[in-house]
Structures are given as structure tokens and as C-alpha cells.
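Trainee: Fold the following.
(one chain, ligands or ions: 1)
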Amino acid sequence: MEESITLKPIGIVESLITNRDDMPTNGIQARIRVFPAYIGALERIEEYSHLWILTWFHQAPRDVTTAVPSKVNPLSHKFGVFALRSPSRPNPVALTLVKLERLEENTLYVTGLDAIDGSPVIDIKPYFEHDTVFSPRTPQISPLSQNALQKTLLKQAVTHHGETCPDLLLAVRMALSADKLLGYIKSPNVQVQVYGSSCLADTIQGLCRARLANPARFEFCSSPQKNSIWLNGKKRLSLVGLRELNLEMFWGLSDYEIFEGVMEETDSYLPGNASGSP
Ligand SMILES: [Zn+2]
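Mentor: Coordinates of the predicted model:
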């Protein structure tokens with residue numbers, strides 16, 4: 001049954017980005033102007049911190065079934081478009097999770113929106129806690145540049161931890177280094193132990209999606225030292241933080257200036273039987 005469906009936009013995106021190629025991977029701050037006929041549909045929307053925004057990628061090609069996630073990594077494998085968030089797809093509906101900053105009359109001010117200026121908005125839905133899957137299985141599509149990966153990890157970390165504190169910045173740099181030296185940190189094979197503050201532990205846990213149990217991939221012990229230990233097979237990487245970071249240092253300092261790292265080969269590591277200690 002191939003019937004056509006008619007959709008009526010309920011609003012429009014107003015943003016400084018007018019060309020898809022200029023859109024950052026993490027989206028941007030933007031406004032969603034909801035048309036006057038739908039103002040009643042916004043009632044009590046400010047009670048939610050996050051919203052799903054469905055927009056129509058009006059410039060996207062619709063005759064495509066596979067694509068390379070070239071914005072993240074042009075050297076990546078090809079995926080079917082239903083296995084990607086690519087704008088090119090039979091029905092170019094875009095789904096973006098945004099943070100609602102405020103509502104003024106019929107205008108929603110949001111951050112993280114991946115839609116260019118003038119994009120028709122077709123629906124808005126609230127984000128619920130039960131939308132969250134803490135440790136989903138996802139393919140590894142690593143950004144090609146370290147800088148892009150650092151930006152992505154910073155965004156994930158802030159979304160998870162909720163504040164950009166010095167230990168969050170240290171955690172992101174540690175995760176970036178572990179990803180480079182040990183491999184994909186979200187992999188079920190990577191185990192993590194954190195000695196330090198709860199902000200450091202919370203951020204690292206959020207970035208590597210490692211749970212305390214089922215399967216046990218994460219351990220935390222409160223300590224004045226800031227040390228993360230990453231285990232993958234026989235490889236063990238220990239990173240000890242040397243200083244408190246601010247944003248300038250986060251972007252400017254080399255790994256050697258931020259932590260002392262030791263990479264070792266260990267006897268095979270038994271999951272759930274932590275052998276590392278700081
Ligand atoms: Zn914190």
C-alpha cells in the first residue's frame with residue numbers, strides 16, 4: 001500500500017546556519033517559531049528540559065538508500081540510511097534531541113538543534129527519562145580528527161553530568177586518550193576503574209557507558225588522587241591527573257601536561273575480578 005500522506009508544518013526553524021555543510025555535528029542554538037494556530041499545543045512545555053524536534057530536511061536527496069556518515073568520518077563504512085541519522089532518506093524527517101532554554105510566547109529557544117534556517121518543523125515531543133538507554137549497542141563511527149572527537153565527547157559529557165566542572169574536563173581528556181590508546185571506550189571489552197572525585201567518576205562512567213553490574217565494567221573509589229585505569233584484554237592504561245583544568249587548558253594542553261600515563265601489558269584480565277589499583 002503506497003499512499004501519500006500530507007503533513008502540515010507546525011512551525012519553522014530560525015537559526016544563523018543557512019547551509020547544511022556549515023552545520024556542526026552537535027547542532028546549534030536556534031529558535032523554533034510555532035505558528036499561531038498551534039500555540040495551545042505548547043501549554044506546559046516549559047516543564048520539560050529536553051524535547052525531540054522533528055523537522056523536514058527540505059534540501060535532502062530522497063532517492064538514496066545507503067550513505068557514508070561523512071560528516072563524522074568520510075572514511076567510514078557505508079550504512080543503510082535506516083541505520084544512520086543521515087539527512088538523505090526516502091522521507092527526510094530529522095529527529096533532534098534539544099535542550100529547551102526558554103519559551104517566549106510562541107517561540108522556543110533551544111540548544112543542540114540540527115536543522116538549518118527555514119526548516120519546516122513537523123512535530124515536537126517531550127523527552128522522558130524512559131527514552132534513555134544507558135548502555136546501548138552502537139557501531140563505532142569515530143570522528144576522523146581528534147578535535148572532532150574531543151568536541152563530541154565534551155558534548156556527551158555535559159549532557160550526562162550536567163555541569164562543566166574541572167573534573168569533567170579532566171575526564172573527557174582521559175577518555176579521549178584511552179580511546180586513542182586502547183580502542184573504543186564504549187566496547188563491552190573495556191573495563192574502567194576510577195579513583196578520585198564523584199564528578200570524575202560520573203563523567204567517565206557517562207562517556208564509556210560502563211555499568212557497575214550486569215555486566216560489571218566500572219568501579220569507583222573516592223580518593224584525593226585523580227586516577228583512571230582502563231583495561232582492554234591484556235592492555236592496562238593508567239592515567240593520573242596532574243592539574244585542575246579550565247576550558248583553555250582543556251583545548252590547549254598536551255596529554256603530557258595533563259596527566260601521567262602508563263601503558264602496560266598485564267596477565268589476562270578477568271572481568272569482575274579487578275586486579276588494578278592506583
Ligand atoms: Zn561536576
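
Trainee: List the contacts of the nearest residue to residue 261 once chain neighbours are set aside.
Mentor: Residue nearest to residue 261 in three dimensions, not counting chain neighbours: residue 239, with 5.0 Å by C-beta to C-beta, 6 or more residues apart in numbering. All C-beta spots, glycine's among them, are computed from the backbone N, C-alpha and C. Counting by C-beta atoms under 8 Å, 6 or more residues apart in numbering, residue 239 makes contact with 174, 177, 178, 227, 228, 229, 230, 259, 260, 261.

Trainee: Each with direction, which strands does the host helix or strand of residue 123 pair with?
Mentor: Element membership for residue 123 (DSSP states H and E) is strand 120-126. Using DSSP bridges, the strands paired with strand 120-126 in its sheet are strand 11-14 (antiparallel), strand 50-56 (antiparallel).

Trainee: Could you export the ones you listed to TSV, including columns for distance to the ion and mean pLDDT?
Mentor: Listed next are the strands paired with strand 120-126 as TSV, based on distance: least, C-beta to the ion, whole Å; pLDDT from 0 to 100:
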stretch	distance to the ion	mean pLDDT
strand 11-14	32	97
strand 50-56	19	96
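
Trainee: Redo those strands as JSON lines? Include mean neighbour count and distance to residue 266.
Mentor: Output for the strands paired with strand 120-126, formatted as JSON lines (neighbours: other C-beta atoms under 10 Å; distance: least, C-beta to C-beta, whole Å):
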{"stretch": "strand 11-14", "mean neighbour count": "20", "distance to residue 266": "51"}
{"stretch": "strand 50-56", "mean neighbour count": "20", "distance to residue 266": "41"}
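
Trainee: and the nearest residue to residue 263 once chain neighbours are set aside, which of the three is it?
Mentor: Closest residue to residue 263 apart from its sequence neighbours, by C-beta to C-beta, 6+ apart: residue 237 at 5.0 Å. At residue 237 the chain is in strand, as set by DSSP: H, G, I helix; E, B strand; the rest coil.

Trainee: Near residue 237, how many residues? Count them for me, please.
Mentor: When neighbours are defined as other C-beta atoms under 10 Å, residue 237 has 22 of them.

Trainee: for the one 5 residues further on, same thing?
Mentor: If you count neighbours by other C-beta under 10 Å, residue 242 ends up with 14.

Trainee: I am finished for the moment; much appreciated.
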